[in-house]
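have a look; sequence and predicted model below, questions after that.
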Amino acid sequence: MKWVNSMAKGFSSRDLMVLLAKLAVTIGLVAFYLSRQSISDIQDVLQNPHWGWLLTALGVYAVSAFGGALQWSWILKANGIVAPRRELQRLYFIGLFFNNFLPANIGGDAYKIVDLGRRENRPLGVFCSTLLDRLIGLTALTSLAVVFLTLAAVRRIALPTSALLLIPVTLALVMLLALLLSRRLGTSLPALFQRWGWIRLGNWLSRVSAELALFRSRVRWLNLIFLFSVLVQFLRMVTHLLVAYGLGLTLTSDQMVQLMVLVPMLALSLILPITINGIGLRESVAAQLLVFCGLAASEVVAMEAVAYLVQVIFSLQGGVLLWMGRWGRGNGMVDK
């Protein structure tokens, strides 16, 4: 809690302006959507939930969240961060809580990096590990979407032309990972900035390169981490399908394939930090994009709203853990 208080004290006028801008965009997008879609139509979709499917969706998302925490802990351990695994899980779930409940620019990753970096006295190591974890997860998500995009092409299942953008995005992410883990670039880039007189930036890049160097020789291990990440992302996509069944929507196999391409596209759009927690942007993009699978706008908006609610409900435990301030901390527990 001390970390949260110190961040709140350091909330600058610039942060306030950014927050107000996000709030304005959020309200504008929500108003725009409501001007084109009746709330009563969405309420009709939510009227008769199938609780068994919705609880299954919550359970599948929980498994994916534990998988995400495990992936982060493996990457940290490979980088020499020796914190107990349960403590890393605690920080991961608090990060989820921050991502879903804090409107400002603190963010779950920032909390994890600052908290763990201070206690392990390796903030840059935690930053590089968390960055690698994020990039692997994002690459796994887009790669999974490309697989289903290929399946759709083989089965002649219709998709918007914009879905083809997933291919260059995936290639760009793969190239970025390759560049970050490149030994040659890790040596030449810092030296280049230092020659240009940007000594601090060059020194910082040199330290980043030294942190990432620990992963460069572990190609087989990185491939296994990537495959595990694909499984985690697959479970998160399945959560959306289970929510659809939980709302009484009947999906054909073709619609499932379409959603396994379209939902990652929606997730990519939510990376843009232009609204508060994606509110407004999620509904607007879903109403324009996900209807391509043959569902009504009210149905896809309800589906995505409930899928987001599933994430929010699960992340509430992160708030409890933050308030308690303990779980595997200071009790002699070790990672086995």
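Nice, thanks for sending it over.

can you tell me the closest non-neighbouring residue to residue 151?
residue 257 (5.8 Å; C-beta to C-beta, 6 or more residues apart in numbering). The C-beta positions use only the backbone N, C-alpha and C, and glycine is treated the same way.

next one: residue 255
Closest residue in space to residue 255, ignoring its immediate chain neighbours: residue 293 at 4.7 Å, by C-beta to C-beta, 6+ apart.

read off the pLDDT value for the one you found.
Note for residue 293: predicted pLDDT of 93.

and the strand or helix carrying residue 76, what's its mean pLDDT?
Using DSSP states H and E, residue 76 sits within helix 51-78. The average pLDDT within helix 51-78 is 97.

show the subsequent helix or strand relative to it.
Downstream of helix 51-78, the first helix or strand assigned by DSSP H and E is helix 85-101.

now the angle from that next one to helix 51-78?
Taking axes from the mean of the first three to the mean of the last three C-alpha atoms, to 10 degrees, helix 85-101 and helix 51-78 form an angle of 120 degrees between their directions.

which residues are in contact with the following helix or strand past helix 85-101?
On the C-terminal side of helix 85-101, the closest following helix or strand by DSSP H and E is helix 108-120. Residues outside helix 108-120 that contact it (C-beta atoms under 8 Å, 6 or more residues apart in numbering) are 3, 76, 81-83, 88, 91-92, 94-99, 123-127, 130, 134.

before we move on, back to that, the helix holding residue 76: how far from the chain's middle?
In terms of C-alpha atoms, centre = their mean, to the nearest Å, the centre of helix 51-78 is found 12 Å from the chain centre.

what packs against that helix?
Applying 3 or more C-beta pairs under 8 Å, 6 or more residues apart in numbering; DSSP states H and E, we find helix 51-78 packed against helix 85-101, helix 123-154, helix 219-246, helix 297-324.

what would the ones you listed look like in TSV with mean pLDDT and mean neighbour count?
Below are the helices and strands packed on helix 51-78 laid out as TSV (pLDDT from 0 to 100; neighbours: other C-beta atoms under 10 Å):
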stretch	mean pLDDT	mean neighbour count
helix 85-101	89	21
helix 123-154	96	20
helix 219-246	96	19
helix 297-324	91	19
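
possible to save the ones you listed as TSV with distance to residue 286?
Below are these laid out as TSV (distance: least, C-beta to C-beta, whole Å):
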stretch	distance to residue 286
helix 85-101	17
helix 123-154	16
helix 219-246	10
helix 297-324	5
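
out of those helices, which is closest to residue 60?
Of all the helices and strands packed on helix 51-78, helix 219-246 sits nearest to residue 60, with 5.2 Å by C-beta to C-beta.

packing partners for the closest one?
helix 51-78, helix 123-154, helix 253-269, helix 297-324.

export those helices to CSV and tack on distance to residue 210?
As requested, these are exported to CSV (distance: least, C-beta to C-beta, whole Å):
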stretch, distance to residue 210
helix 51-78, 15
helix 123-154, 9
helix 253-269, 31
helix 297-324, 32
